[in-house]
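Q: have a look at this prediction, sequence included:
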Amino acid sequence: MAPIADFYAGRSIFITGFTGFMGKVLVEKLLRSCPNVKTIYVLIRPKKGHSVQERLERVLQSKLFETLKKSQPDFSQKIVPIAGDILEPELGISEADATILISEVSIVFHSAATIKFDEQLRLSVLLNVLGVKKLVELGHKMTNLEAFIHVSTAYANCDRKQITECVYAPPLQPQKLLDAAEWMDSNILDTLTPKMIGNRPNTYTYTKAMAEYLLIEECGDLPVAIVRPSIVGASWREPFAGWVDNFNGPTGLLAAIGKGILRSMVGDFYSTADIIPVDVAVNLLIAVAWHTSTQRPSNTLVYNCTSGQINRVTWGELERMSFEYFMKNPVDTVVRVPNPRFTKIRWWHTLRRWFDHEIPAYLMDLCLRAARRKPRFVKIQEQLWKSVSSLDYFTSHEWDFVNENINTLIGMLDPEDKKCFNFDIRTLHWPSYVESYCLGTKKYVLKEDLSGLPAARKALKRRQWLSFLSRVMLLIVVWRLLISKVTVARNLWYQTISVALSIYSRIPRLFKSQ
């Protein structure tokens with residue numbers, strides 16, 4: 001057995017954020033590649049009408065776990081749900097469950113957080129900052145804790161151009177922020193938010209930076225490490241290519257591009273699209289816990305889990321590849337022919353938004369009303385722009401991420417571990433990855449069967465012809481209006497016809513002279 005898999009044998013793990021994208025992949029990978037792990041405790045928030053056991057079973061029904069079911073049919077017996085809530089005192093964990101965690105757990109992965117960019121500051125602080133403090137307090141009570149791995153974000157310090165693998169001191173002490181969130185009126189806090197977050201684009205990046213610093217302040221002698229993934233995308237290889245189950249980040253963009261409803265985006269064509277596959281980030285988490293426990297670094301190590309400085313792809317390349325692969329493998333219900341475009345010019349984006357998004361949406365809703373059907377396209381556009389605009393900052397800027405700790409860790413791995421827990425992004429082929437990502441978005445997010453691709457391709461061809469004919473008709477109508485109302489256009493038209501007729505009349509003479 002490889003050293004990392006052997007390390008996890010007989011150990012119990014506690015994971016927060018299990019129902020999130022990375023949390024599910026982390027649990028699946030641990031059970032599949034470390035089959036002798038003892039128990040994985042997962043923090044799950046009870047929901048009205050659904051127990052934590054029911055929510056666990058629902059997650060385990062995902063296609064993500066199908067490969068694992070074949071090799072380990074009883075794998076679910078190793079997953080134990082712990083009822084709790086990050087917002088509650090002591091994480092809302094019962095005394096009995098806390099006693100089990102304190103005595104049994106040796107590795108903690110903390111990935112629970114609100115990832116909403118436009119979240120109110122109070123809730124973002126309570127989840128992303130106070131949640132870390134509560135978990136650290138629990139960690140101090142654990143008698144066998146060997147590694148406490150905190151999942152942050154590479155953009156926690158996006159107010160800097162170069163981001164090294166260290167924790168930066170914030171302008172405000174985290175405890176003061178926690179105090180403000182506790183006693184300050186929500187309206188006042190919302191008013192002060194722009195000044196407090198400064199050059200950062202949202203409360204998410206601000207509170208994640210605060211959480212990192214608070215972790216360093218509170219951890220004491222705990223064996224802590226911080227992993228900072230950039231934009232987490234679909235799986236590269238594990239458990240299969242293209243798996244994704246949400247509309248967050250680039251997945252939402254790809255779905256909208258495939259549908260043809262997103263055609264203009266604010267972004268720098270030549271800037272780095274720092275996307276990291278979810279299985280790469282998860283493999284790194286597992287390896288970092290192993291390294292933290294076995295090597296006991298003297299200080300808290302930070303790992304920038306990014307791709308830009310290692311294997312670069314630009315937003316422009318992503319634009320072209322997404323267009324190519326959605327034309328090759330279209331979604332079933334294309335609203336318009338895909339035609340994505342990034343632009344840094346705001347006024348041009350606004351113009352394109354009106355003429356290529358808003359006006360067509362109103363016209364399509366008008367057609368739906370005429371057919372006595374419920375209009376929906378204007379509402380879709382409103383929701384789309386709310387989501388897309390939150391990404392403008394990240395598609396318009398790029399950063400220089402330092403990856404020294406990542407490279408050092410790669411060099412320390414056993415050859416078998418390098419293969420089994422691969423987080424070396426250098427070998428990723430972006431065109432192949434993006435094609436898998438587009439197919440994964442179609443299959444797992446839009447819930448479309450790939451057997452329907454032949455019919456989808458025919459439908460897209462029809463849509464292309466309809467789009468072409470509608471443009472020709474629009475051009476004819478506009479031109480007819482121009483020549484009937486504008487003297488210059490009318491004279492130009494007559495001159496063009498005259499020249500064309502003159503050339504046509506001379507063609508027979510040319511053939512006779514030959």
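A: Good, I have the coordinates. Residues are numbered from 1 along each chain as shown.
Q: now stretch 187-200: mean pLDDT?
A: Mean pLDDT, stretch 187-200: 86.
Q: tell me which residues in that stretch are buried?
A: For stretch 187-200, a neighbour-count test (16 or more other Cβ atoms under 10 Å) marks 189, 193, 197, 200 as buried. (C-beta placed from N, C-alpha, C; glycine too.)
Q: tally up the residues packed near residue 11, please.
A: By the measure other Cβ atoms under 10 Å, the count of residues near residue 11 is 21.
Q: what's the separation between it and residue 277?
A: 26 Å (Cβ to Cβ, to the nearest Å).
Q: before we move on, what about residue 142?
A: Residue 142 sits 31 Å away from residue 277, going by Cβ to Cβ.
Q: comparing those two, which shows the higher neighbour count?
A: It is residue 277, of residue 142 and residue 277, that has more neighbours when counted by other Cβ under 10 Å, with 28 against 19.
Q: would you map the strands across the stretch 51-200 of the chain?
A: For the stretch 51-200 of the chain, the strands defined by DSSP state E, counting those that start in this stretch cover 79-83, 105-110, 147-151, 162-163.
Q: residue 450: which of those strands is closest?
A: Of all those, strand 79-83 sits nearest to residue 450, with 29.7 Å by Cβ to Cβ.
Q: ok, the residue lying closest to residue 34 once chain neighbours are set aside - contacts?
A: Spatial nearest neighbour of residue 34, chain neighbours left out: residue 8 (3.8 Å); criterion: Cβ to Cβ, 6 or more residues apart in numbering. The neighbours of residue 8, taking Cβ atoms under 8 Å, 6 or more residues apart in numbering as the test, are 30, 34, 36, 37, 107, 286, 290.
Q: need the per-residue pLDDT for residue 8.
A: Residue 8 is assigned a pLDDT of 95 by the prediction.
Q: what of the one 10 residues further on?
A: Reported pLDDT at residue 18 in the predicted model: 92.
Q: what's the burial count for it?
A: Residues near residue 18, counting by other Cβ under 10 Å: 25.
Q: that one and residue 24 touch, don't they?
A: Yes - with contact defined as Cβ atoms under 8 Å, residue 18 reaches residue 24; the gap is 6.8 Å.
Q: and for those two, which residues touch both?
A: Going by Cβ under 8 Å, 6+ apart, residues that sit against residue 18 and also against residue 24 are residue 59.
Q: for the residue most central in space within the chain, list the residues it contacts.
A: Nearest to the geometric centre of the chain sits residue 249, at 3.1 Å (Cα atoms, centre = their mean). Taking Cβ under 8 Å, 6+ apart, we find residue 249 in contact with 231, 232, 233, 391.
Q: again with residue 365
A: Counting by Cβ under 8 Å, 6+ apart, residue 365 touches 375, 376, 377, 378.
Q: name the element it belongs to?
A: Here residue 365, judged by DSSP states H and E, is contained in helix 359-370.
Q: quick one on the thing from earlier: tell me the spacing between the residue nearest to the centre of the chain and residue 416.
A: Taking Cβ to Cβ, one finds residue 249 at 32 Å from residue 416.
Q: so what's residue 359 scoring on pLDDT?
A: Confidence for residue 359, expressed as pLDDT, is 80.
Q: count of residues packed around it?
A: 11.
Q: look up how far residue 472 lies from it.
A: For residue 359, the distance to residue 472 equals 18 Å [Cβ to Cβ].
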